[in-house]
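>>> Only the shape, not the letters, is given here:
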């Protein structure tokens, strides 16, 4: 949960913690009050940690942006990752655009990215991308809810690249299963790399690289858990403090007694290319473009 370009910090908890203990009610109230807009995770500093993938996505994206002419970042959140990458890039593409489906995030991304010349378009995640065929030579995304493979292929120029970091299978399921109980094998395999590869190939993309890493996470207090579940809403759909108070209290007591709650995230690095001989994509079988 730390900013991926900052060092991980650790905060003593459990029986070795020296600071005064705060009550369950105080911690839950704090976690419930923190704004959830954007993908700035700096609030978690000192109270939750997550190891970062070895490929350092934001820095790698900066290199890709420096070589691009027209770039699109989809499901950009609050624009924080794209902003960092553009700031680190040796040069910027001539054309820059981003999409975001949640209005508070779209407004935040617009304010952050407009000074860098990025046009942010409010577009639902499940809607067609509002751009012409073959408009971009680079499409990127960090943690899309679902990658719209056919739309990505459509807006890419022949020879263009999709470069992204995706959430992998069974990510943070230790926490998910604490609240929801054991999950089905289908739920566990929902973001499996084999499915990612198949989706990209079905859209006509060539997968150049697909890497996966499993990374340690630690939650040092229940406020961090509450804020995380409010911010990453697909982990425990419909999460509220009131609905899960008993589960939260049990986890709080466990952290106070045993120390940080440990979970594991999974991440994919996806590097896919649209073949140079590709014709413009005309939609899934049985459909017609207007």
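Nice, thanks for sending it over. Being a predicted model, the structure only gives us computed values, none of them experimental.
>>> From residue 266, how far off is residue 168?
Residue 168 is 3 Å from residue 266, where distance means Cβ to Cβ, to the nearest Å. No exception for glycine: its C-beta is placed from N, CA and C like everyone else's.
>>> Can you work out which residues contact both of those two?
191, 212, 214 (Cβ atoms under 8 Å, 6 or more residues apart in numbering).
>>> tell me the secondary structure for residue 139?
Following DSSP: H, G, I helix; E, B strand; the rest coil, residue 139 is assigned to strand.
>>> Make residue 1 into 790 and carry on from there
Right, with 790 as the first residue, what we last looked at is residue 928.
>>> so how far is residue 922 from it?
Distance of residue 928 to residue 922, computed by Cβ to Cβ: 13 Å.
>>> who's more crowded, the two?
residue 928 (30 against 14; other Cβ atoms under 10 Å).
>>> just to revisit the earlier point, overlap in contacts, residue 928 and residue 922.
Counting by Cβ under 8 Å, 6+ apart, the common neighbours of residue 928 and residue 922 are residue 944.
>>> hmm, back to that, counting neighbours, which of the shared contacts of residue 957 and residue 1055 comes out on top?
That'd be residue 980 among these, by other Cβ under 10 Å, with 20 neighbours.
>>> Correct me if wrong: that residue contacts residue 961.
No. Applying Cβ atoms under 8 Å, one finds residue 980 not in contact with residue 961, separated by 11.8 Å.
>>> what about the strands in the stretch 840-989 of the chain?
859-862, 884-889, 908-911, 925-931, 945-956 (DSSP state E, counting those that start in this stretch).
>>> And the last one, what does it pack against?
So the one you mean is strand 945-956. helix 846-856, strand 925-931, strand 1050-1062 (3 or more Cβ pairs under 8 Å, 6 or more residues apart in numbering; DSSP states H and E).
>>> Helix 846-856 and that one, what's the angle between them?
Relative orientation of strand 945-956 and helix 846-856, computed by axes from the mean of the first three to the mean of the last three Cα atoms, to 10 degrees: 170 degrees.
>>> For the shared contacts of residue 957 and residue 1055, could you give me TSV that also reports distance to residue 882 and pLDDT?
What follows is the shared contacts of residue 957 and residue 1055, written out as TSV (distance: Cβ to Cβ, whole Å; pLDDT from 0 to 100):
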residue	distance to residue 882	pLDDT
980	29	91
1001	28	97
1003	33	97
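>>> export those to a markdown table and tack on distance to residue 878?
Converted to a markdown table, the shared contacts of residue 957 and residue 1055 look like this (distance: Cβ to Cβ, whole Å):
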| residue | distance to residue 878 |
| --- | --- |
| 980 | 28 |
| 1001 | 26 |
| 1003 | 29 |
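>>> Now do residue 948 against residue 816, distance only.
52 Å.
>>> Which one's more surrounded, the two?
residue 816 (22 against 12).
>>> SS state for the residue nearest to that one when sequence neighbours are not counted?
Leaving aside its sequence neighbours, residue 816 sits nearest to residue 1012 (Cβ to Cβ, 6 or more residues apart in numbering; 4.2 Å). Three-state assignment for residue 1012 (three-state DSSP): helix.
>>> With that, I have no additional questions.
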